[in-house]
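> sequence first, then the predicted structure, then my questions.
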Amino acid sequence: MADPMRIRAQAAGDKATVRVLMSHEMESGQRKDAAGKTVPAWFIQEVTATLNGKPVLSAEWGPGVSKNPFLQFVVKGAKAGDKVAVTWKDNKGDTRTDEATVS
Amino acid sequence: MKRTLTTVLAALSLACSWPSLAQKTASQGIDEYRAMLQDGNPADLFEAKGEGLWTQKRGPKNASLEKCDLGKGPGVYKGAFVELPKYFADTGKVQDLESRLLTCMDTLQGLNVTEIAKTGFGKGEQINMTALATFIAAESKGMKFNLSQAHPSEKTFYEVGKRLFFQRGGPHDFACASCHAEDGKRIRLQDLPNLTKNPGDGVGFAAWPAYRVSNGQMWGMQQRLNDCYRQQRFPYPGFASDATIALGVYLGVNSQGSASIAPAIKR
Amino acid sequence: MKKINFKPRLTLALVLASVFVLGCAGAPSVADLNLLTQQIVKASFRDEGIVKTSALLNTDETNRVCSQADVDGKPLDEKTAKAIEAVNLQAVKWPSDGKFLGDWKEGEKIAQNGRGLTFTDDDKTVVGGNCYNCHQLDKKEISFGTIGPSLYNYGKIRGVTNPSSPEVKLIVEYTWGKVWNAKAYNACSNMPRVGHNGILSEAQVRHLVGLLLDPKSPVNQ
């Protein structure tokens, strides 16, 4: 089971800024190891976020995104106490969902 | 990761070969890249892992690290990082953070610390060691370094650390001082802090543990010193060996009063 | 053979204790501290890969004298400095075939290469000169260090239009000597002794001299 994400969500007025740090190797599939063998591609392909259960963001990622990716977005209509959930799915079929409360 | 850095460098060299466009120096370009990195430091992931390990019951003694004394009393971690290395009466030695974590993993949890000290960075228990060091450092973020020089052993280790800092050796005659004893120098495009004196807030000793974007690795001070010695073409410094601790005393006392930004983020 | 870190600690504690007994007025003497440092070095470092601890423990007089001067914060006195320079100059190996300049294109590769001789390298690693780490050379290369002076236009500034002409013989020799053994001209120079310490071969040094002095070299454009 992959390491947890770190999610911080801060409300300011009627918007909240959500910052997410994901723990993932994000191998592009282009890199070669010390022995000269290509390291197989292993990266997050889909990211979705919900606010109180309602989808507010969906993203498709490719191999160009770096290791331990950082994602930041602003969501309207969020207030303190609301629940933000972020989910990622990678090309191996692995997935992870973490939740945070808007402060 | 590597590809992002390559893209940025490619963009930089393009900028430099078109003089008609508004020209940025290479240093300015790199400073901008650094500023972009500040938000979303993956060190947070290691800090969270370390926090979990602090309270987790582990080892043959099935105990957590919550009674570990990092110099301010059992279990106190706030402010402990900026007072290390220091002398510990229970071991009779001057110890840095990673050395002290080994002591606690040994006495509290019964883990095989000789094996852990021999394990390479980024493998096995060393991954946990780095996470713990990141967590403890984070609990002193922003605080000023205040190492004690009250105990005779602390004073002695400062003097030993100073001698180590200036000790030339290996095929290149390198010492730490070859790169770190003058103001305003750089190696390739990497600025070098003068570590014979206080280099300012968040610089040098005050910037480790840090997450290195170029290789996606979290490095504690032990790994930073180890890699410096590797680049100096020196033999391998033992993990948490007295040489590394004495150097830490020299660097830490020199940076007295500067603020720690650990865990930091680096290119 | 790998050393276990914790065993020598007991010996060190005893050494520390004896140091304090000797210096009973309080602080250990400078000699005590120097001795303790050496013992800590012996106990802390181990062989790894192609690097042996003997490289550190058997360092030469030049390094010992210069390290001590740095610790003391005082430059060497004139007499000692000249003596160190003389010893190093004596040890310079001049080109065996009398050819001082090699191929500047190869020299540029050697100058760019910062690899080799670390404990993660092996015997197959091509060892480089590390030059751009500290110096500017070809103006096109923006990634250069400032630990050493800029070498841009090195030959041009010194008026070397024909490296074989007798007028510039001394400059050509100095350049070879400096690259081979920097301490022959500046006792406590920060610059590695790339020929003397076997970092680079005679052929590689020859290419570097070419990079610096060949009027066609990018360094002199």
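Now that the structure is in, tell me what you want to look at.
> which residue is the nearest non-sequential neighbour of the residue nearest to the spatial centre of chain C?
Per CA atoms, centre = their mean, the C-alpha nearest to the average position across chain C is that of C:Pro192, at 1.5 Å. Take C:Pro192 and drop its neighbours on the chain: the residue closest to it by CB to CB, 6 or more residues apart in numbering or on different chains is B:His172, 3.9 Å away. All C-beta atoms are positioned from the backbone trio N, CA, C, and that covers glycine.
> quick one, what contacts the one you found?
Listed by CB atoms under 8 Å, 6 or more residues apart in numbering or on different chains, the contact set of B:His172 reads B:Gln232, B:Arg233, C:Leu117, C:Asn130, C:Pro192, C:Asn197, C:Ile199.
> try B:Glu51
B:Glu51 neighbours (CB under 8 Å, 6+ apart): B:Phe135.
> helix or strand: which one has it?
Secondary structure assignment for B:Glu51, by DSSP states H and E: helix B:43-55.
> state the mean pLDDT of that helix.
The average of the pLDDT scores along helix B:43-55 is 95.
> with only the CA atoms kept, save that helix in CSV.
The C-alpha trace of helix B:43-55 is given here as CSV (Å, rounded to 0.1, in the frame of the first residue of the first chain):
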residue,chain,number,x,y,z
ALA,B,43,10.2,16.5,2.7
ASP,B,44,6.7,16.8,4.3
LEU,B,45,6.2,13.2,3.2
PHE,B,46,9.3,12.1,5.1
GLU,B,47,8.4,14.2,8.1
ALA,B,48,4.9,12.5,8.3
LYS,B,49,6.6,9.1,8.0
GLY,B,50,9.0,10.0,10.8
GLU,B,51,6.3,11.2,13.0
GLY,B,52,4.6,7.8,12.6
LEU,B,53,7.8,6.0,13.4
TRP,B,54,8.3,8.0,16.6
THR,B,55,5.2,6.6,18.2
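> let me see the contact set for the closest residue to chain C within chain A.
Using CB to the nearest CB, A:Ala34 is the residue of chain A that sits closest to chain C, at 10.0 Å. Residues near A:Ala34 by CB under 8 Å, 6+ apart: none.
> cool, and B:Gly79?
Contacts of B:Gly79 by CB under 8 Å, 6+ apart are B:Lys72, B:Glu139, B:Ser140, B:Met143.
> about what we covered before: report pLDDT for the residue of chain A closest to chain C.
81.
> next: B:Met36.
For B:Met36, the pLDDT comes out at 77.
> ok, now B:Lys141?
pLDDT, B:Lys141: 96.
> what do you get for B:Val8?
At B:Val8, the pLDDT value in this model is 47.
> same question, C:Asn58
pLDDT, C:Asn58: 87.
> swap in C:Lys3?
44.
> for chain A, what's its nearest residue on chain C.
Closest point on chain C to chain A, by CB to the nearest CB, is C:Thr120, at 10.0 Å.
> list the contacts for B:Arg47?
Let me fix one detail, which is that residue B:47 is Glu and not Arg. Contacts of B:Glu47 by CB under 8 Å, 6+ apart are B:Ala131, B:Thr134, B:Phe135, B:Ala138, B:Pro263.
> same question for B:Tyr211.
Counted by CB under 8 Å, 6+ apart, B:Tyr211 has contacts A:Asn68, B:Asn41, B:Pro42, B:Ala43, B:Phe46, B:Gln217, B:Met218, B:Trp219, B:Pro263, B:Ala264, B:Ile265, B:Lys266.
> roughly how far does the nearest residue to it once chain neighbours are set aside sit from chain C?
Spatially, and ignoring its direct neighbours in sequence, B:Tyr211 is nearest to B:Ala43 (4.2 Å; CB to CB, 6+ apart). For B:Ala43, the distance to chain C equals 24 Å [CB to the nearest CB, to the nearest Å].
> how about low-confidence regions in chain C?
Low-confidence segments of chain C, defined by pLDDT under 70: C:1-26.
> quick one: buried ones out of the contacts of B:Gly79?
B:Glu139, B:Ser140 (16 or more other CB atoms under 10 Å in any protein chain shown).
> out of the contacts of B:Gly79, which one sits closest to chain A?
Nearest to chain A among these: B:Glu139, at 16.2 Å, using CB to the nearest CB.
> what ranges do the strands span in chain A?
A:6-12, A:15-21, A:44-51, A:54-60, A:70-76, A:83-90, A:95-101 (DSSP state E).
> adding distance to chain B and mean neighbour count, write those out as CSV.
Output for those, formatted as CSV (distance: least, CB to the nearest CB, whole Å; neighbours: other CB atoms under 10 Å in any protein chain shown):
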stretch, distance to chain B, mean neighbour count
strand A:6-12, 5, 17
strand A:15-21, 5, 19
strand A:44-51, 13, 19
strand A:54-60, 15, 12
strand A:70-76, 3, 15
strand A:83-90, 13, 20
strand A:95-101, 11, 14
